[in-house]
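Fold the following, please.
(2 chains)
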Amino acid sequence: MSTQHSRPAVDSETRHRAESFIYRETDLLDTFALEEWLELLAEDFTISVPVRASRDPGSEQDEFSSRSYYLREGIERIRERVGRLQKEYAWSENPRSRVRHVVGNVRILDAEGDELTVSNNQHVFRSYGDEPDHDLLSAQRHTVLRETADGFRIADRTVYLDHTVLNTKNITLPLL
Amino acid sequence: MATESSDPSRTDRLVERTESGLDSGRFPMEIINDEEVYQAELRRVFARAWVYLGHTSEFEEPGDYARRYIGEDPFIVTRDENGEMHAFLDSCMHRGAQFCTAETGNTSHFRCPYHGWTYKNDGTLQGMPHMNEAYQDLDEEEIQLQEANLATYHGLIFGRIADEGPSLTEYLGDFTWYLDVLFNATEGGLTVVGEPHRWEADYDWKTAADNFSGDSYHVLTTHQASLETKELELGPWEELDDYLEAAYLSCTDSHCAAYYLSEDPDTYMGYPEEIEERMHEDLTQEQRDLFARSVFHFGTIFPNTSYIHGIQSGGWGGPWVCLRKWQPRGCGKTETISWWLVPEEFADDEEFLDDSHSGWNSLSPAGAFESDDLTVWEGISESSGALTHELRGTEGNMQQGMGDMTDLTETVDDPVYGPAETTWQGGYFDERNSRMFYQAWCEMMSGAANPEGER
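Numbering: from 1, shown residues only, chains lettered A, B, ... in the order given. Reported below is the predicted structural model:
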């Protein structure tokens, strides 16, 4: 996970639009408005969630795997997954988890042509069923936003988890 | 660690009840999530069985190590400077401190952070601060890390805490025939790619091991959402005219396998064609024929190792091998560790790896198939711990395939199915592998054969 970007020249209006987009998009995930969320994805959208390993302190290898991912999909499969989640017997989210993203540290990491790379930190609260306890997933997202005639569209997203052993039974799309 | 036992013989009585119930396809629900049973499992099953620790391809260089567990005990699996494999308990022989700080790495020595006692990666003492002043009369030979017994089979490394017991090949028995077909199919064998998926959830390790022993029946309901999703519905079934008729179950006296065979004699699990030339010369003609007709294999090596080997197909991606360890993390808590393996011959083929990763990923915690299982398993665990089951002696049901339950299964007798008793259509209509899994559990849990527990 690289955060060593020089501060790109982005005007405050663009910065504000990017931030607002991330907040709105995240709210769609929290509310399981996944059909609406799909409309914000570019036709060449890709998403990946690399496995993170705890390495030897002196290791030069990145903690994030370049080989293994929890999720690595393109737009077609993401559409399939949204359809799948809406089925009555998609037990992973039936009943629906109660999900809340708390997003912070929104920063523009890069600006090139019509694309911005936006980073945000997040804590994702999840509770499920008739239970008082909850899971908490902590991560940093890097999202590539592309400027289009209809506003921003998400071209790519990588979710860098802060977990080497996940503490929740599964990772469904709204948790990312 | 051990909990108070108000009735020390309760576990033994439950084991006896389980064993006698299996004859009529019943089992006491309360064995699934019970603190006393779990504590007994750590001592009687996990300390006495050969437990999977890793694959030799993860430890190619001297100094390579990984932190792995037998039961809940943290061991460090190392390859020493002479190339020998070891597994040491992560506990300094001075005051017991832990000294391994990472999941994987490479080191020639381990230094304890408490007082600086240092060990070579073969487990022997290297030295400690002020050794000449403070330890003039120390027997250095005596200071050696606690080491597990270690044995490998086609790259699979197993460790055992108990010194007494069968050799690994005796323990695996006839099941080696099936392991050969999967882990020694090609000359190069299998190799681990990347890092494993790891996730912890509130389910009992037995539920997972039993499920992978041969339960195709659950796929119809648990995974119904995936089966009805356009791109995912293809699965391995697209290679088959009728998946019920393609399903077989084989089990030895402890270990269980299930597989699907195609009428097409040249599936070779969907691997690139050159695999036909690279099949291992040690395979018998029957093993080769089984592999050549296969589209899907899964199974459980008792107690807590399972595998899936699936063909290239539909939305599942290319052929992949997923090796699982159901790592106990406390009563009713299990960490799933899921490794991705490919034949060594294709380990540098990026296009193949992309496809294979996609297949393996369908079983990730974010996978389209896997994500539904754990919701069900967590529910099993929580409700199996219900006091009602204990007070009423509730018994669960695994009667499929017994007596006159079905006329659709058939015992098949052909060397292509290997040395174990094999049932056609068993995955859907016979729970014999589940019964065998619990039979093996009963044997290890029976107090009489438990020298460890009497210390």
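
Now do the SS call for residue A:116.
Following DSSP: H, G, I helix; E, B strand; the rest coil, residue A:116 is assigned to strand.

Which strand or helix spans the closest residue to residue A:117 other than its chain neighbours?
Nearest non-adjacent residue to residue A:117, counting by CB to CB, 6 or more residues apart in numbering or on different chains: residue A:110, 3.9 Å away. Glycine gets a C-beta too; all of them are placed from N, C-alpha and C. Assigned by DSSP states H and E, residue A:110 belongs to strand A:98-112.

State the mean pLDDT of that strand.
The average pLDDT for strand A:98-112 rounds to 97.

Residues contacting it, please?
The contact list for strand A:98-112 (CB atoms under 8 Å, 6 or more residues apart in numbering or on different chains) reads A:3, A:5, A:8-10, A:14-15, A:18-19, A:22-23, A:26-27, A:29-30, A:32, A:116-128, A:142, A:174-175.

How about it, which residues are buried there?
A:99, A:100, A:101, A:103, A:106, A:107, A:108, A:109, A:110, A:111 (16 or more other CB atoms under 10 Å in any protein chain shown).

Count the neighbours of residue A:83 for me.
Close neighbours of residue A:83, defined as other CB atoms under 10 Å in any protein chain shown, add up to 19.

Could you do residue B:185 as well?
Neighbours of residue B:185 (other CB under 10 Å): 27.

And the closest residue to it other than its chain neighbours, how far from residue B:322?
Spatial nearest neighbour of residue B:185, chain neighbours left out: residue B:291 (5.6 Å); criterion: CB to CB, 6+ apart. Distance, residue B:291 to residue B:322, by CB to CB, to the nearest Å: 17 Å.

What pLDDT does the model give residue 91?
Defaulting to chain A. With respect to pLDDT, residue A:91 has a value of 81.

Hmm, no, I was thinking of chain B.
98.

coming back round to it: helix, strand, or coil at the residue nearest to residue B:185?
The local conformation at residue B:291, judged by three-state DSSP, is helix.

What number of residues are in the vicinity of it?
For residue B:291, the neighbour count with other CB under 10 Å is 24.

Would you agree it is in contact with residue B:266?
No. Using CB atoms under 8 Å, residue B:291 is not in contact with residue B:266, being 10.5 Å away.

after the lowest-mean-pLDDT helix or strand in chain B, next one along is what?
For chain B, the helix or strand with the lowest mean confidence is helix B:224-227, at a mean of 76 (criterion: mean pLDDT, DSSP states H and E). Next along the chain after helix B:224-227, taking DSSP H and E as the criterion, comes strand B:247-251.

Which neighbouring elements make contact with that next one?
strand B:256-261, strand B:421-424, helix B:426-429, helix B:432-445 (3 or more CB pairs under 8 Å, 6 or more residues apart in numbering or on different chains; DSSP states H and E).

Do any residues in the strand ranked longest in chain B lie close to chain A?
Longest strand of chain B, by residue count under DSSP state E: strand B:190-201. Yes. Strand B:190-201 reaches chain A (CB under 8 Å from any CB of the partner chain) through B:193, B:194, B:195, B:196, B:197, B:198, B:199, B:200, B:201.

what's the second one in contact with, if anything?
Read it as residue B:194. By CB under 8 Å, 6+ apart, residue B:194 lies in contact with A:51, A:65, A:66, A:67, A:68, B:340.

quick revisit: buried ones among the residues of strand B:190-201 next to chain A?
Buried among the residues of strand B:190-201 next to chain A by 16+ other CB under 10 Å: B:193, B:194, B:195, B:196, B:197, B:198, B:199, B:200, B:201.

Now do the end-to-end distance for stretch A:126-146.
30 Å (CA to CA, to the nearest Å).

With just CA atoms, put the helix or strand bottoming out on mean pLDDT in chain A into PDB.
Every helix and strand in chain A was compared by mean pLDDT, DSSP H and E; the lowest is helix A:75-85, with a mean of 89. In PDB, the C-alpha atoms belonging to helix A:75-85 read as follows (Å, rounded to 0.1, in the frame of the first residue of the first chain):
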ATOM      1  CA  ILE A  75     -17.700  -5.400 -13.600                       C
ATOM      2  CA  GLU A  76     -19.500  -8.500 -15.000                       C
ATOM      3  CA  ARG A  77     -18.900 -10.600 -12.000                       C
ATOM      4  CA  ILE A  78     -19.700  -7.800  -9.600                       C
ATOM      5  CA  ARG A  79     -23.100  -7.400 -11.400                       C
ATOM      6  CA  GLU A  80     -23.600 -11.200 -10.900                       C
ATOM      7  CA  ARG A  81     -22.700 -10.900  -7.300                       C
ATOM      8  CA  VAL A  82     -25.200  -8.100  -6.700                       C
ATOM      9  CA  GLY A  83     -27.900 -10.200  -8.300                       C
ATOM     10  CA  ARG A  84     -26.800 -13.200  -6.200                       C
ATOM     11  CA  LEU A  85     -27.000 -11.100  -3.000                       C
END
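
need the residues of the stretch 51-200 of chain B near chain A, please.
So far as CB under 8 Å from any CB goes, the stretch 51-200 of chain B lies against chain A at B:101-107, B:193-200.

about what we covered before: got a quick PyMOL command for the buried subset of the contacts of residue B:194?
Buried residues within the contacts of residue B:194, by 16+ other CB under 10 Å, are selected in PyMOL with:
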select buried, (chain A and resi 51+65+68) or (chain B and resi 340)
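
Tell me where the stretch 201-350 of chain B has helices.
Counting by DSSP state H, counting those that start in this stretch, one finds helices in the stretch 201-350 of chain B at the ranges B:205-212, B:219-222, B:224-227, B:275-278, B:285-293, B:350-361.

which residues does residue B:416 contact?
Taking CB under 8 Å, 6+ apart as the test, what residue B:416 contacts is B:286, B:289, B:290, B:293.

out of those, who has the most neighbours?
residue B:290 (23 neighbours).

residues touching that residue, list them.
Going by CB under 8 Å, 6+ apart, residue B:290 touches B:181, B:259, B:261, B:416, B:417, B:418.

Between strand A:98-112 and the longest helix anywhere in chain A, find me the angle.
Longest helix in chain A by number of residues (criterion: DSSP state H): helix A:12-30. Our comparison of helix A:12-30 with strand A:98-112, counting by axes from the mean of the first three to the mean of the last three CA atoms, to 10 degrees, yields an angle of 150 degrees.

what pLDDT, on average, does helix A:12-30 get?
In this model, helix A:12-30 carries a mean pLDDT of 97.
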